[in-house]
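Enquirer: here is a sequence together with a model predicted from it:
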Amino acid sequence: MLRRGLEYMKKKEYEQALGMFDSAIKVNPQYIEAFYSRGNAYEALGRFEQAIESYKEVLKFAPKEAVPYFNIACVLRKSGENEHAISEFSRAIELKPDYGKAFFNRGLVKFSIGQIDDAIEDYTRAIESSPQDPDPLVARGLIYFLNKDYDQAMKDYDKAIEVNPNHYRAHGNRGNVLEAMERNEEAVTEYTQVIKLFPNDYKAYMNRGLVYLKLNFYELALADYTRAIELNPRYAKSYSSRGMVYVHLKRYHSAINDFDEAIRLAPNDVDTYISRGHAKVASGDQIGALEDFTMILKTYPDNTKIWLNRATIYAKLGNSSEAVSDYSQAINRAKNNDKDVVLALCSRGVLLSKIEKIDDAIADYEKVLEIESDNLIAHLNLGILLRVQGKFRPAIQHLTRVIELNPSNVAAYQHRAVTYGMIGNKEKAEADVEKVKEFNTTHDII
């Protein structure tokens, strides 16, 4: 009866398996293997309370057995009862101090609830107890990777692959580390190895496609994303990623079609709307892009990137007042995102200066310098605007600061030369002009 039940388990016919295990237990109420197997069947069916009760039955006949506590802990982990699961894993370890699987699984639970240092300790104990098990090495390597300790992560993944050369997660995670280290060609090799081991792993094609995109191998990236879509046509990220490749290839119509499909599959993915908007801009459909950004703002009014993107389109369409309004919205909603605030202030400053609101533009650039004291754009444009207002010495100070930060900034020399000339300092003006000639190039004046 036990053997027949186990055959049903292999076929995933769990109800039939339960019938066999129950029959075996009726014949022998102390049949430990039948209680274990019945617990496994209940667990496979998602009947977790009954699985735990079946494992507890084992303890009546084998109270010093560690495995029942381990099995109970695994069920509790699946049920989301993390603290209780940790307690049961600990009881298993007390009974069997070298229980590598218990250390490993307790580490997984601790990692999931943010107890990172304790998780590393458990993974290390698992590695020491079960040196031929690559899984704890892969798990510990992931923590090192997330902490950006790439050297330690690589050591763990290398060791895992040494233990099991065909461990696909070790190869895949090693590829992630290599990619983070910008060793992209090696990352391709690792993702290719994953594909050899699991030819139907669409995420491996996604990973390799991204590296090909970084390497500007657009056709190879296109092929990988297309294969990922063939393997899993319901995964929105595959379409949005392939859309980005089409953008690089300037095949904007194809890109927009892919972004459309990605949005259909994942209608709340803001980044895809932004990407589609950019593709529409590149294809010359400014109005279509404007519609995209306007629509998504109704759902995500606090997304500063969308305000920034819509402002850029308004500026291109010559609608300065709407552009200024959108940049203002981005500034007000950016909260602690200094990068977005700086971008919005600089962009708004440019528009304000164009519509001759010089004082307001100057105020924007001064706010930028409060956030980033060495912002080149703010210093340069302040130098120009202050000169327009006749404030020559502070103008020179800002232009000089640009040159100190970037000695090859031709525009700063040009504008400082003009400013020196306006205050009658012919010698310094000529020196700056000569410096411009040395660069032997021309630049548009900002």
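Expert: That came through, no problem.
Enquirer: now whichever strand or helix holds V138: buried residues?
Expert: V138 is located in helix 135-146, with elements delineated by DSSP states H and E. Neighbour-count burial for helix 135-146 flags D135, P136, L137, V138, A139, R140, G141, L142, I143, Y144, F145 (criterion: 16 or more other C-beta atoms under 10 Å). From N, CA and C alone the C-beta is placed, and that goes for glycine too.
Enquirer: same question for stretch 370-381.
Expert: E372, N375, L376, I377, A378, H379, L380, N381.
Enquirer: ok, back up a step: take the buried residues of helix 135-146 and lay them out in JSON lines including distance to H278 and pLDDT.
Expert: Below are the buried residues of helix 135-146 laid out as JSON lines (distance: C-beta to C-beta, whole Å; pLDDT from 0 to 100):
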{"residue": "D135", "distance to H278": "42", "pLDDT": "97"}
{"residue": "P136", "distance to H278": "43", "pLDDT": "97"}
{"residue": "L137", "distance to H278": "41", "pLDDT": "97"}
{"residue": "V138", "distance to H278": "37", "pLDDT": "97"}
{"residue": "A139", "distance to H278": "38", "pLDDT": "97"}
{"residue": "R140", "distance to H278": "40", "pLDDT": "97"}
{"residue": "G141", "distance to H278": "36", "pLDDT": "97"}
{"residue": "L142", "distance to H278": "33", "pLDDT": "96"}
{"residue": "I143", "distance to H278": "36", "pLDDT": "97"}
{"residue": "Y144", "distance to H278": "35", "pLDDT": "97"}
{"residue": "F145", "distance to H278": "31", "pLDDT": "96"}
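Enquirer: where does this protein have low pLDDT?
Expert: Within the chain, the ranges that satisfy pLDDT under 70 run 440-446.
Enquirer: circling back: helices - which of the buried residues of stretch 370-381 land there?
Expert: Judged by DSSP state H, helices contain the following of the buried residues of stretch 370-381: L376, I377, A378, H379, L380, N381.
Enquirer: TSV for the buried residues of helix 135-146, including distance to D22?
Expert: What follows is the buried residues of helix 135-146, written out as TSV (distance: C-beta to C-beta, whole Å):
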residue	distance to D22
D135	33
P136	36
L137	40
V138	38
A139	37
R140	41
G141	43
L142	41
I143	43
Y144	47
F145	46
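Enquirer: looking at those residues, which is nearest L2?
Expert: Lowest distance from L2 to these (C-beta to C-beta) belongs to D135, with 28.6 Å.
Enquirer: mind listing what the closest one touches?
Expert: Residues near D135 by C-beta atoms under 8 Å, 6 or more residues apart in numbering: F104, A160.
Enquirer: quick check: the gap between it and I127.
Expert: D135 is 10 Å from I127, where distance means C-beta to C-beta, to the nearest Å.
Enquirer: can you check R242 too?
Expert: Distance from R242 to I127, counting by C-beta to C-beta: 39 Å.
Enquirer: likewise for I371?
Expert: Distance of I371 to I127, given as C-beta to C-beta: 46 Å.
Enquirer: put the alpha carbons of stretch 50-63 into CSV.
Expert: In CSV, the C-alpha atoms belonging to stretch 50-63 read as follows (Å, rounded to 0.1, in the frame of the first residue of the first chain):
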residue,chain,number,x,y,z
GLN,A,50,-3.4,18.1,8.2
ALA,A,51,0.2,17.8,6.9
ILE,A,52,1.5,19.2,10.2
GLU,A,53,-0.8,16.8,12.2
SER,A,54,0.5,13.8,10.2
TYR,A,55,4.2,14.8,10.9
LYS,A,56,3.3,15.3,14.6
GLU,A,57,2.1,11.7,14.6
VAL,A,58,5.6,10.6,13.8
LEU,A,59,6.9,12.3,17.0
LYS,A,60,4.6,10.1,19.1
PHE,A,61,6.7,7.1,18.1
ALA,A,62,10.1,8.9,17.5
PRO,A,63,10.3,11.9,19.8
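Enquirer: from here on, call the first residue 52.
Expert: Sure thing, new numbering starts at 52, so read that last one as stretch 101-114.
Enquirer: list the buried residues for it?
Expert: Using 16+ other C-beta under 10 Å as the test for burial, stretch 101-114 gives Q101, A102, I103, S105, Y106, E108, V109, L110.
Enquirer: could I get the CA-only coordinates of the helix or strand containing D202 as PDB?
Expert: Per DSSP H and E: D202 is located in helix 201-214. Only the C-alpha atoms of helix 201-214 are listed here, as PDB (Å, rounded to 0.1, in the frame of the first residue of the first chain):
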ATOM      1  CA  TYR A 201      30.800  41.000  -5.700                       C
ATOM      2  CA  ASP A 202      34.100  39.300  -4.900                       C
ATOM      3  CA  GLN A 203      32.600  37.200  -2.200                       C
ATOM      4  CA  ALA A 204      29.500  36.500  -4.300                       C
ATOM      5  CA  MET A 205      31.800  35.200  -7.100                       C
ATOM      6  CA  LYS A 206      33.700  33.000  -4.700                       C
ATOM      7  CA  ASP A 207      30.400  31.400  -3.500                       C
ATOM      8  CA  TYR A 208      29.100  30.900  -7.100                       C
ATOM      9  CA  ASP A 209      32.400  29.500  -8.300                       C
ATOM     10  CA  LYS A 210      32.400  27.000  -5.400                       C
ATOM     11  CA  ALA A 211      28.800  26.000  -6.100                       C
ATOM     12  CA  ILE A 212      29.700  25.400  -9.800                       C
ATOM     13  CA  GLU A 213      32.700  23.400  -8.700                       C
ATOM     14  CA  VAL A 214      30.400  21.200  -6.600                       C
END
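Enquirer: what's it packed up against?
Expert: In terms of contacts (3 or more C-beta pairs under 8 Å, 6 or more residues apart in numbering; DSSP states H and E), helix 201-214 is packed against helix 186-197, helix 219-231.
Enquirer: burial measure for D411, as a count.
Expert: By other C-beta atoms under 10 Å, the residues close to D411 number 15.
Enquirer: I figured it hits L403, correct?
Expert: Yes. The criterion here is C-beta atoms under 8 Å, and D411 meets it with L403 at 4.7 Å.
Enquirer: thinking A221 is in contact with P187, fair?
Expert: No. A221 is beyond contact range of P187, at 11.4 Å (criterion: C-beta under 8 Å).
Enquirer: how close does Q166 get to D173?
Expert: 9 Å.
Enquirer: the more surrounded of the two?
Expert: Taking other C-beta under 10 Å, Q166 and D173 do not tie; D173 has more neighbours (27 against 17).
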